[in-house]
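> the following comprises the amino acid sequence and a computationally predicted model.
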Amino acid sequence: MTGRRTGQVLLTLGGMIAWAVQFTIIYAATSTLCGRGWADATLLGIGVVQFTILSTTLVTLAAAAILLVVSLRAERQGRHQPVSATDSFLCQTSVLINGLSLIVILWHGIPGIILPACA
Amino acid sequence: MNAPELPKSFERREAELPNPLPRPEGEFEALKKAWEPPGWISFVTAVNNTYVGLWYVATAFLFFILAGILALIMRVQLAAPESDFVSHDLYNQLFTMHGTVMMFLFAVPAVEAASVYLLPNMQAARDLPFPRLSAYAFWAYFVGGLVFFGTIFFGLSPDGGWFMYPPLTSTKYSPAENADWWLLGIGFIEISAIAGAIEIIVGVMKTRAVGMSLDKLPVYSWAMLVFAVMIVIGFPAIILGTLLLEMERAFDWPFFIAERGGDPLLWQHLFWFFGHPEVYIIFLPATGMVSMIVPAMAQTPLVGYRLVVLALIATGFLSFGLWVHHMFATGLPKMSLSFFSAASTAVAVPSGIQVFAWIATIASGRMKLTTPSLFVIGFLFIFTLGGLTGVMVAMAPFDWQAHDSYFVVAHLHYVLIGGMVFPLFAAIYYWVPVASKRALSERLGRWVFGLMFLGVNVTFLPMHITGLIGMPRRVYTYPIGMGWDALNLVSTIGAFMIAAGVAVFLYDMARNFRFAGEDNAGNVWNAGTLEWLPNGNYATRSIPSVVSRDPLWDQPNLSKDVEDGRYYLPGSATGGREALVTSPFDARPQYILQIPGPGWQPVLAAGFTAAFFLLLTVKFVFTAVICGILALGCVIWWLWETDPGPVRPPADIGGGIVVPVYVTGPMNHSWWAMIVLMVVSCMVFTCLIFSYLFLWLVNPGAWPPQDVRLPGWLWPALSAFLYCASAVLIAVASRQLRGEDRRKPRSAPVLIGVSLPLVSAASAVDLWTQWQTGLSPSAHAYGAAVYAIMSLQIFFVLTTLIMGLYTIARWLAGKLDSVRRTTFDNTMLFWYYTVGQGLVGLLVVHGFPRLTGGI
């Protein structure tokens, strides 16, 4: 697999990988912080659990947004110049996956705002 | 080596097809001879996907019927209150075996089996890339599965429920061997599933029709690709879980015993990290089947192809974020539950996308109401209902009310029967004309559908109410006057309606299914995909190039031209079995893969492997070890005939395309398989590290326990040095083997020989170091976790040793040189993985307790 193809695969799956990273971090952090009784600690004035969830969500959201912009650009370029059917397909699929990933990441970040940390 | 550029052959007119007519005399006969299956008793050694695939499907269906009979016995028991048709002991075995057999011996093998048969046909490949691996997976499953099922007749079946929660299944509460049958039997069958998954991944990515680029890949192939990747990621968790529980039962290593630092919840995490994706592992192939059937029945291309691919990939990812929704009642923090609740609702979106794509396809065409169509409609109805109750139980507060009640039983049967069994029946009615001389009966098919559709709803719809009014699952009887009597009787009547439907189906099969070598019933549905090309044991006469997702609709005369041998590779370039390997993205021809033919090796290896695991269960350790050695011997015998090297110069496959008959490195199919195997190994190891960290989390202040002394840094540093030194020597051996300097390659086997003691010493030093501190694996979960990490590493080192010795033997036999080096490459990749895993293991075992300072 060439470097260009590897990049295309990463771009296509990138949004979902960002979600997987967010999910792993927020679940692991909540379990560890609650399990060890460290949930009362604060960072920048908010609880450490909420802080971890919100900051992870923002970072992964930004990553998915960047991937979406990149894939949208690639898709738009493909309309104006001849590209192979495979390239065109991968571009369009990556737009769809990264778009869906944005919503899914946001959806997983919401509990951090509305729920108590370790109840 | 780059794939040769294809001439713009995809748009060629008929006159410009890759190979001219007439074809040389004897070309077709030679092709047929190469693919002929063996006769008489040796027939069991056949490896053609058409034979192995059908045996596989038939065996999976046999287990469906056997597990269904167990369900009927349970329904008879529950038809009336206070019944004593079966004892509570037998009832426990019945529900455990029903769930286990349906999930592990029917559902996953059935979809894997169908793909062994269908994928090569659908992608116009001559076979899957590792046909002997398919045969091995099948025979291991066949022997192991039948013996496992046979335990029910001796009262030895597992009885702890299909998810085998400890402490109920630990030695204290289940001292007999029933639980061991589950742990060793199922753990072993999972290995067979992983072998199949490796085959499917490489098959989908590397053996396709020319021009079948990713945008033209059949949705079924996409579904199977995601399915196989999910197996590779998800199944290692259950393999590790069964290993840990068996080690606890056999050696008293307390992973799940709370009094000694273990935690039963660890099992639940490991089980459901596999168990929930498992639902999608069987659902996605079914959706792939539906996405092939609906366009054929509506005579129009699938609407929203890209959205369906998106849905498959998104489901594959999101399904790994759901596992804790089976653990909502275990007291985890609500914040944690909410993440899984969110994922459980989010996963409904991609499933919904697929449902709408099918409805849109039906709406845009003219749907013929055939038996496959009826089963698809039934699937949409039943699965959607199951999905709706799924959204209900995804809400933690509702789940707390419905947990462990018949509501959950109703939900899971709606999802699994709707999401897998109905599509499978649709698929059987749809694809039988590919494998049989006659299609199945439409009239009988409607009876089958009617009985099964009504039966499923009559059985399981009332169960929602039975559960909501309080009937818990897994009770062997219930008292009169609870209000459950009539509902249970109705459910029992429904179960027998389903059985009647299956009986009519069996009659239809007996009456109409006649295996077809070359004269199948043909394209009876006027479908557009390649499995409907004329075919035989050799698959298609020539490998077509395709220009769309429905080539039979868009390329007139394709069937005839393929059958006449006018497309690629119309004969056998090497005189044996071979497949055309194509590039993974654009499906350009890369090389000709020489495929091994029939042989006793996979059959014997599977039999001895099954015997090894099953004899261990009944504690016949010595005989088991003998069988294990014999299995290993058969695998080496099998491998010895592989890696044939460039037996002839590059061959012209037509259209001016000349491809080699042997390649090495990242283009090689076995390189891909080895990478997938390394991902599997990495997932097992990752789950083990997760287990280590989980046990740390539940043992505050006791990691390590007060009486445990950590070893000094010197010994682990020495161990790390030895690992690195062995890897460096292998890298040097690789370079020398690859190099142009012909004076040096003799040192390659010597370097491997020197690396062997180094890598062995590395793991031995670490084991000795821990042993010297007096650390016991059975005193506390800490010791158990440390020894588990070391045990896994020792297993990998032993495997590396065998591979290293085998590589040296190949060299000595003159079967390994600078060109013919696939064996070395595989050993090298595995060696690097083993060293990497060893280093991470050292870091965790020696670094983590120091990092956390015992908190």
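Alright, I've got the coordinates. Numbers count the residues shown, from 1 in each chain, chains lettered A, B, ... in the order given.

> so residue B:759 makes contact with residue B:799?
No: counting by CB atoms under 8 Å, residue B:759 does not reach residue B:799; the two are 10.7 Å apart. (C-beta placed from N, C-alpha, C; glycine too.)

> give me the common contacts of those two.
Common contacts of residue B:759 and residue B:799 (CB atoms under 8 Å, 6 or more residues apart in numbering or on different chains): residue B:834.

> which one's more surrounded, these two?
Here residue B:759 and residue B:799 are compared on neighbour count by other CB atoms under 10 Å in any protein chain shown; more neighbours surround residue B:759, at 25 against 14.

> check which helix or strand covers residue 94.
Since no chain was named, I'll use chain A. Element membership for residue A:94, per DSSP states H and E: helix A:85-109.

> sorry, should have said chain B
Judged by DSSP H and E, residue B:94 forms part of helix B:88-100.

> give me the helices and strands touching that helix, please.
helix B:49-78, helix B:178-206 (3 or more CB pairs under 8 Å, 6 or more residues apart in numbering or on different chains; DSSP states H and E).

> sorry, back to before: buried stuff in the helix holding residue A:94?
Neighbour counts over helix A:85-109 (16 or more other CB atoms under 10 Å in any protein chain shown) mark A:85-102, A:104-105, A:107-109 as buried.

> out of these, which touch chain B?
The residues of those that also fall near chain B, by CB under 8 Å from any CB of the partner chain, are A:85-86, A:88-90, A:92-93, A:96-97, A:100, A:104, A:107-108.

> adding pLDDT and distance to residue B:566, write those out as a markdown table.
Putting these into a markdown table (pLDDT from 0 to 100; distance: CB to CB, whole Å) gives the following:
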| residue | pLDDT | distance to residue B:566 |
| --- | --- | --- |
| A:85 | 89 | 24 |
| A:86 | 91 | 25 |
| A:88 | 91 | 29 |
| A:89 | 93 | 28 |
| A:90 | 93 | 31 |
| A:92 | 92 | 33 |
| A:93 | 94 | 33 |
| A:96 | 94 | 38 |
| A:97 | 95 | 39 |
| A:100 | 95 | 43 |
| A:104 | 95 | 48 |
| A:107 | 94 | 53 |
| A:108 | 93 | 54 |
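
> and the residues you listed, which is closest to chain B?
residue A:89 (3.4 Å; CB to the nearest CB).

> kindly provide the distance from that closest one to residue B:568.
23 Å (CB to CB, to the nearest Å).

> what of residue B:290?
For residue B:290 relative to residue B:568 (CB to CB), the value is 31 Å.

> for the residue nearest the centre of chain A, what are its contacts?
Centroid-nearest residue in chain A, with CA atoms, centre = their mean: residue A:18, separated by 3.2 Å. Neighbouring residues of residue A:18 by CB under 8 Å, 6+ apart: A:60-61, A:63-64, A:67, A:101, A:105.

> could you find the closest non-adjacent residue to residue B:412?
residue B:386 (7.8 Å; CB to CB, 6 or more residues apart in numbering or on different chains).

> give the rounded mean pLDDT of the strand or helix carrying the one you found.
Residue B:386 belongs to helix B:371-393 when assigned by DSSP H and E. Taken as a whole, helix B:371-393 carries a mean pLDDT of 94.

> do the same with stretch B:763-783
Here the average pLDDT along stretch B:763-783 is 95.

> right, quick check: that stretch against chain A, any contact?
No: for stretch B:763-783, no contact with chain A is found by CB under 8 Å from any CB; the gap never falls below 15.0 Å.

> packing partners of the helix or strand of chain A with the lowest mean pLDDT?
One helix or strand of chain A scores below all others by mean pLDDT, DSSP states H and E: strand A:42-43, with a mean of 86. Counting contacts by 3+ CB pairs under 8 Å, 6+ apart, strand A:42-43 packs against helix A:48-80.
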